[in-house]
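Visitor: The following block contains a protein sequence and its predicted model.
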Amino acid sequence: MKYKKVVLIGNPIAGGGALKKIKKAENILKNKGISVETLLTKKKGDAQEFAKKIKNREILVIAAGGDGTYNEVVNGLAFSETPMAILPMGTTSVLAKELKIPDNIEKAVDIALRGNVQRVHLGRIKNQEKQRLFILMAGIGFDGMAVFGVDSEKKKYFKKIAYILSGIRTLINYAPQELKIYDSATKKAYSAVICKASCYGGSFRIAPDASLKKPNFYVFLSKTRSKLELSLQILGVIIGKHIKMMNTDYFKTEALKITGDAHVQIDGDYFGKTPVEVELIRDALNLVFPEYN
């Protein structure tokens, strides 16, 4: 056992019987003779506050929940030596898809304990009001509006369906304002997804070249106001043909600025509105990968 203690930070209402799974993980760890402390969140921000108080490379933090829980733990542990592992049990758990962590609790716990700790790069986004780190992506425009439109009560009970319904409503009412993207050259678009990881919305790969281990972002732009054309681009993402479609752009960068009037989401949670600045933060987090990854 390379850790003297495991701290399990869990969101008991993440979905899919989360509390039962968290307790199961706790029992698996205890049965292995491991000292474990379980901290359950009660409100937004709890996971980050729990993680901020843990600054020890000999303690393993396991985040049990969905991408929102992971994001909070990332923001709490960033720039420390404390390693982070995950147990997938949220609405989508895109990070679990990215890391190839199975839903099976026994296997996920085994990966957390035996996996390889690697330093990964994060994104940092800021607007006029706040800043925050993200590990997966920042979405500006269409999917920012879709996340903004998710009803909190419906999300609590209907989970992923709430996002799908909001996405459909957003598409029906789609009337975006133009965004300006300042990179090495100025670009114009109506939606942008800035990816630190390749997976998006589950197993879809909106930026197939992106990786947590690579020191850059891959950015996908939609340059159409047409609902029909956007629908085709969404279909293109599903079948993996979106990058070569008309009125799109795809490029690599380490920093950019986006102006305009649009909603923003990061790691599946609402962030705020543009203008925003996004930059790469190198070697910011110790993350546990499966031994085969």
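Guide: Ah, there it is.

Visitor: which helices and strands sit right next to the host helix or strand of residue 24?
Guide: Residue 24 is located in helix 18-31, with elements delineated by DSSP states H and E. If contacts are counted by 3 or more CB pairs under 8 Å, 6 or more residues apart in numbering; DSSP states H and E, helix 18-31 sits against strand 5-10, strand 36-40, strand 59-65, strand 83-88, helix 105-114. In short, each C-beta sits where N, CA and C put it, glycine included.

Visitor: want to try CSV for the ones you listed, with distance to residue 172 and mean pLDDT as columns?
Guide: Putting the helices and strands packed on helix 18-31 into CSV (distance: least, CB to CB, whole Å; pLDDT from 0 to 100) gives the following:
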stretch, distance to residue 172, mean pLDDT
strand 5-10, 36, 96
strand 36-40, 38, 96
strand 59-65, 31, 96
strand 83-88, 31, 96
helix 105-114, 38, 96
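
Visitor: now for the ones you listed, which one comes closest to residue 198?
Guide: Nearest to residue 198, of all the helices and strands packed on helix 18-31, is strand 83-88, at 16.6 Å by CB to CB.

Visitor: Please list the outside residues in contact with the very next helix or strand once past that closest one.
Guide: Note on strand 83-88: by DSSP H and E, the next helix or strand toward the C-terminus is helix 94-99. Contacting residues not belonging to helix 94-99 are listed as 67, 70, 86, 88, 101, 103, 135-136, 197-203, 212, 267-268, 287, 289-290, 293 [CB atoms under 8 Å, 6 or more residues apart in numbering].

Visitor: if you set the cut-off to 6 Å instead, what comes out?
Guide: 67, 70, 88, 136, 197, 199, 203 (CB atoms under 6 Å, 6 or more residues apart in numbering).

Visitor: rewinding a little: in the helix holding residue 24, what's buried?
Guide: 18, 21, 22, 23, 25, 26, 28, 29 (16 or more other CB atoms under 10 Å).

Visitor: do stretch 109-127 as well
Guide: Buried-residue list, stretch 109-127, by 16+ other CB under 10 Å: 109-113, 115, 117, 120-125, 127.

Visitor: And the furthest pair within these?
Guide: 110 and 127 (40.3 Å).

Visitor: how about the helices in the chain?
Guide: 18-31, 46-52, 67-77, 94-99, 105-114, 142-148, 152-158, 160-172, 227-239 (DSSP state H).

Visitor: Name the stretch among the ones you listed that sits most buried.
Guide: The highest mean neighbour count among the helices of the chain, using mean count of other CB atoms under 10 Å, belongs to helix 67-77: a mean of 26.

Visitor: Output the buried residues of stretch 109-127 as CSV; include the columns distance to residue 150.
Guide: Below are the buried residues of stretch 109-127 laid out as CSV (distance: CB to CB, whole Å):
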residue, distance to residue 150
109, 30
110, 33
111, 30
112, 29
113, 34
115, 32
117, 34
120, 27
121, 28
122, 24
123, 22
124, 24
125, 19
127, 20
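
Visitor: In this protein, what helix or strand scores lowest on average pLDDT?
Guide: Ranked by mean pLDDT, DSSP states H and E, the weakest helix or strand in the chain is helix 152-158, scoring a mean of 56.

Visitor: so which of the helices and strands packed on helix 18-31 gets nearest residue 220?
Guide: Proximity to residue 220 (CB to CB) singles out strand 83-88 among the helices and strands packed on helix 18-31, at 24.5 Å.

Visitor: Grab the CA positions of that closest one and hand them over as PDB.
Guide: Extracted in PDB, the C-alpha atoms of strand 83-88 (Å, rounded to 0.1, in the frame of the first residue of the first chain):
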ATOM      1  CA  PRO A  83      -3.000  12.500  -6.000                       C
ATOM      2  CA  MET A  84      -6.600  12.300  -7.200                       C
ATOM      3  CA  ALA A  85      -8.500   9.200  -8.400                       C
ATOM      4  CA  ILE A  86     -12.100   8.900  -9.400                       C
ATOM      5  CA  LEU A  87     -15.100   6.600  -8.900                       C
ATOM      6  CA  PRO A  88     -17.700   7.200 -11.600                       C
END
